[in-house]
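Q: Please work out how this folds:
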Amino acid sequence: MESELRHINPDLLQPSKSFKKPSSGTITLNVGGFLYTAHRTTLSKHLGSFLEELANGKKAVQHTDSMGNPFIDRDGPVFRHVLNYLRTGELQLPDDFREAGLLRREADFYRLSELAEAVIEWENHRVAQREPAFLEVTDSHERSQGLKVYCSDAVFIEKVKARLVQISKSRLDGFPEEFVVSSNVIQFRHFIKSEPGSRLVLKEDSTFLCTLDCLKLETVMLALKSGFKLVTALDSSKGSVLESKTAVRGIQRKTT
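A: Numbering: from 1, shown residues only. This is a model prediction of the structure:
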């Protein structure tokens, strides 16, 4: 039977010519179920890193897959960017990349500090290209309007909400939802009233907020600390408007 098969096609009993077994200079890693093959010198570029120790046998292989490849229980798809960085020495990410935080954590795991720094630099560059945020604080002496805080960046609105808490008879109720208009606007009543005995205070400081002026000052201080810059201020006797812009670097500090 074997002689007949050899007569028909001698390659049937031999390894396929199209398949080449990796040489000793390469290593195949299974990262979260994704297979990557790279030269050992590529993985060894950063001395003391997890991959350098693994490639040079300094670190014992703790887990292998069914094919005998070293198995690393980390994110498989994002490892592509880790490997490309080792190959080229540059961080090249697609424009729509949304997993910078995950890539930073993976860089920390593999002990690639330069990669982590490159990711932070990439994030800062992307932030600098975004449109600046706009903040407007408007107060009125009319009871129907009170104080309105508008910001095009919803993250800043959440920051204002996180700074305030309502206390009712020694019970923390959180931010009073009746003051929330939308994700970009907070509308405060002219006189802060709720159930008897309740009060609105600043978190951490336990400072009673009894007037809208205190709320306005707190919002402005949060804005300045977040990188906003004053653009316009009008006479508060006729209703005041505070407009602020920020280089998006300030907003980046809030979101990271």
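Q: what about Pro37, which helix or strand?
A: Careful, residue 37 is Thr and not Pro. Using DSSP states H and E, Thr37 sits within strand 34-39.
Q: which residues touch the helix or strand following that strand?
A: Once the chain leaves strand 34-39, the next helix or strand it forms, by DSSP H and E, is helix 40-43. With CB atoms under 8 Å, 6 or more residues apart in numbering as the test, helix 40-43 has contacts from 25-27, 51-52, 54-56, 83, 86-87. Placement of C-beta: from N, CA and C, glycine included.
Q: just checking, what packs against the helix or strand just after helix 40-43?
A: Scanning forward in sequence from helix 40-43 by DSSP H and E, the next helix or strand is helix 50-55. In terms of contacts (3 or more CB pairs under 8 Å, 6 or more residues apart in numbering; DSSP states H and E), helix 50-55 is packed against helix 40-43.
Q: Tell me which residues touch the closest residue to Val119 other than its chain neighbours, please.
A: In space, not counting the residues next to it along the chain, Val119 is nearest to Arg104; the distance is 4.8 Å by CB to CB, 6 or more residues apart in numbering. Applying CB under 8 Å, 6+ apart to Arg104 gives the contacts 116, 119-120.
Q: What distance do you get for Arg104 to Asp65?
A: Look at Arg104 and Asp65: by CB to CB, to the nearest Å, they are 27 Å apart.
Q: And Ser183, by the same measure?
A: Taking CB to CB as the measure, Ser183 falls 45 Å from Asp65.
Q: cool, Asn30 as well?
A: From Asn30 to Asp65 the distance is 4 Å (CB to CB).
Q: With Phe134 instead?
A: For Phe134, the distance to Asp65 (CB to CB) stands at 52 Å.
Q: Compare these two (neighbour count), which wins?
A: The neighbour count for Phe134 versus Asp65, taken as other CB atoms under 10 Å, is higher for Phe134 (16 against 13).
Q: The more buried one looks like it's in a strand, true?
A: Yes: remark: Phe134 belongs to a strand, assigned using DSSP: H, G, I helix; E, B strand; the rest coil.
Q: Could you find the closest non-adjacent residue to it?
A: Ser152 (4.6 Å).
Q: picking up where we left off before, packing partners for the strand holding Thr37?
A: If you count contacts as 3+ CB pairs under 8 Å, 6+ apart, strand 34-39 packs onto strand 26-31, helix 79-88.
Q: Give the residues shared as contacts by Asn30 and Asp65.
A: Residues touching both Asn30 and Asp65 by CB under 8 Å, 6+ apart: Phe71.
Q: Which positions within the longest helix seen in the chain qualify as buried?
A: Determined from DSSP state H, the single longest helix within the chain is helix 113-128. Across helix 113-128, burial judged by 16 or more other CB atoms under 10 Å covers 115-116, 118-119, 122-123, 127.
Q: May I see those residues organised as TSV, with distance to Ser226 added?
A: Compiled in TSV, the buried residues of helix 113-128 are given as follows (distance: CB to CB, whole Å):
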residue	distance to Ser226
Leu115	29
Ala116	24
Ala118	26
Val119	23
Trp122	22
Glu123	17
Val127	13
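Q: And these, which is closest to Lys161?
A: Closest approach between the buried residues of helix 113-128 and Lys161, by CB to CB: Val127, at 22.7 Å.
Q: Distance of the closest one relative to Val231?
A: 20 Å.
Q: and if you look at Asn184?
A: Distance from Asn184 to Val231, by CB to CB: 18 Å.
Q: Repeat that for His39.
A: From His39 to Val231 the distance is 55 Å (CB to CB).
Q: Strands of this structure, start to end?
A: 26-31, 34-39, 71-72, 133-139, 147-151, 164-168, 171-174, 185-188, 198-202, 228-233, 240-246 (DSSP state E).
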